[in-house]
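A.B. asks: The sequence and its predicted three-dimensional model are supplied below.
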Amino acid sequence: MSKETSKIRLQVAKNYPELCKQVVQNILALSRNAIAAHGHFSILLSGGATPKGVYALMASPEYREQFQWHKIHFFWGDERWVSADDAKSNYRMATEAILMKADIPPQNIHPIRTLDGTLETAAAVYEKELASFFDLRNGECPRFDLILLGLGQDGHTASLFPGDPALSETNRLVAAVSQKEMDPAERITVTLPVINHAAVIFFLASGREKSQALKTALEGKGRQLPAQQVNPPNGEVWWFADQPAASLLRKGQGESS
């Protein structure tokens with residue numbers, strides 16, 4: 001893969017299409033290993049613009065037949081409080097990019113249900129979904145084979161924003177979030193305990209607008225950004241960035257291709 005610092009790996013691609021290719025190839029390898037080890041592959045999807053190309057490439061003719069779709073289970077790291085067919089829905093984005101183009105059994109798709117009851121109720125329902133699938137006891141966290149995460153310009157990841165109470169949540173698996181400056185303001189997100197219990201985490205960063213956040217996340221001291229609080233004690237964190245996003249990093253960081 002690349003240079004390692006502790007359990008963090010960084011791979012720098014020359015452009016966004018190459019980034020997507022690198023990510024898909026690694027997802028494919030991880031899925032095969034997980035299926036061989038325990039019969040299925042659980043992946044927590046990220047929303048936002050960056051992963052869309054990854055999902056589309058997974059479902060493309062080049063890769064579609066290589067995935068064992070019937071053994072892959074799809075979950076979401078966060079969702080906007082909008083209808084499933086809304087243009088801002090993470091579920092809709094993933095559906096259009098991958099879910100409707102690959103032969104995935106409906107029971108393998110585990111979306112966050114929105115607009116049924118309150119925001120808090122929906123968070124509790126998704127928490128039960130996780131507990132049921134992973135057969136959790138009280139106090140246990142699911143161990144995803146892979147969690148995909150994006151990086152906001154403010155350093156947020158999933159829907160865990162700087163200063164939000166959800167960042168400090170230690171008991172809940174899923175939390176309701178309200179951020180007035182975001183559109184939409186209301187969201188549902190998995191919490192840091194879930195993220196930090198994963199076997200592998202892929203952070204995706206593309207574009208020069210992400211360069212300062214990426215530099216702070218990888219080179220900044222302390223834990224000032226939510227992304228810096230992703231530190232699984234028994235897992236790996238892999239960063240995939242294109243050259244514009246990595247433009248402010250110290251020379252020698254990671255491996256370029």
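C.D. replies: Everything's here; your move.

A.B. asks: which residues of the stretch 151-257 of the chain fall in helices?
C.D. replies: 192-195, 211-219 (DSSP state H, counting those that start in this stretch).

A.B. asks: got a list of what the most centrally placed residue in the chain touches?
C.D. replies: With distances taken as Cα atoms, centre = their mean, L148 lies nearest the centre of the chain, 2.4 Å away. L148 sits next to I43, L44, L45, S46, P51, V54, G77, I201, F202, L204 when contact means Cβ atoms under 8 Å, 6 or more residues apart in numbering. (Each C-beta comes from the backbone N, C-alpha and C, glycine too.)

A.B. asks: now, which of these sits nearest V177?
C.D. replies: G77 (12.0 Å; Cβ to Cβ).

A.B. asks: Surely that closest one and I43 touch.
C.D. replies: No - using Cβ atoms under 8 Å, G77 is not in contact with I43, being 10.0 Å away.

A.B. asks: which one of those two has more residues nearby?
C.D. replies: G77 (25 against 21; other Cβ atoms under 10 Å).

A.B. asks: Skip the chain neighbours and tell me the closest residue to the more buried one.
C.D. replies: A158 (4.4 Å; Cβ to Cβ, 6 or more residues apart in numbering).

A.B. asks: related to what we said a few turns ago, can I get the helices of the stretch 151-257 of the chain in CSV with mean pLDDT and distance to L130?
C.D. replies: Shown next, in CSV, are the helices of the stretch 151-257 of the chain (pLDDT from 0 to 100; distance: least, Cβ to Cβ, whole Å):
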stretch, mean pLDDT, distance to L130
helix 192-195, 98, 7
helix 211-219, 96, 26
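
A.B. asks: Show me the one of those that comes nearest V82.
C.D. replies: If you check each of these against V82 by Cβ to Cβ, helix 192-195 wins as the nearest, at 22.2 Å.

A.B. asks: outside of the closest one, which residues touch it?
C.D. replies: 77, 130, 141-142, 144, 147, 149, 157-158, 160, 167, 169-170, 173-174, 201, 229-230, 232.

A.B. asks: now that helix, how far from the centre of its chain.
C.D. replies: The chain centroid and the centroid of helix 192-195 are separated by 11 Å under Cα atoms, centre = their mean, to the nearest Å.

A.B. asks: before we move on, back to that, got any residues that touch both of G77 and I43?
C.D. replies: Both G77 and I43 are in contact with I147, L148, where contact means Cβ under 8 Å, 6+ apart.

A.B. asks: Against G48, how distant is the residue nearest to the centre of the chain?
C.D. replies: 10 Å (Cβ to Cβ, to the nearest Å).

A.B. asks: now do I27
C.D. replies: Taking Cβ to Cβ, one finds I27 at 17 Å from G48.

A.B. asks: Neighbour count: those two, which is higher?
C.D. replies: Neighbours of I27 and G48, each counted by other Cβ under 10 Å, are more numerous for I27; the result is 24 against 18.

A.B. asks: Please, which helix or strand holds that one?
C.D. replies: helix 16-38 (DSSP states H and E).

A.B. asks: ok, back up a step: just the contacts of L148: which are in strands?
C.D. replies: I43, L44, L45, I201, F202, L204 (DSSP state E).

A.B. asks: among the contacts of helix 192-195, which ones are buried?
C.D. replies: The neighbour count (16 or more other Cβ atoms under 10 Å) marks 77, 130, 141-142, 144, 147, 149, 157-158, 160, 167, 169, 173-174, 201, 229-230, 232 as buried among those.

A.B. asks: quick revisit: now, the contacts of helix 192-195 that are in strands?
C.D. replies: I147, L149, V174, I201.

A.B. asks: and which of the ones in strands among the contacts of L148 is nearest C20?
C.D. replies: Nearest member of the ones in strands among the contacts of L148 to C20, counting by Cβ to Cβ, is L204, at 8.9 Å.

A.B. asks: Surely that closest one and K52 touch.
C.D. replies: No - using Cβ under 8 Å, L204 is not in contact with K52, being 10.2 Å away.
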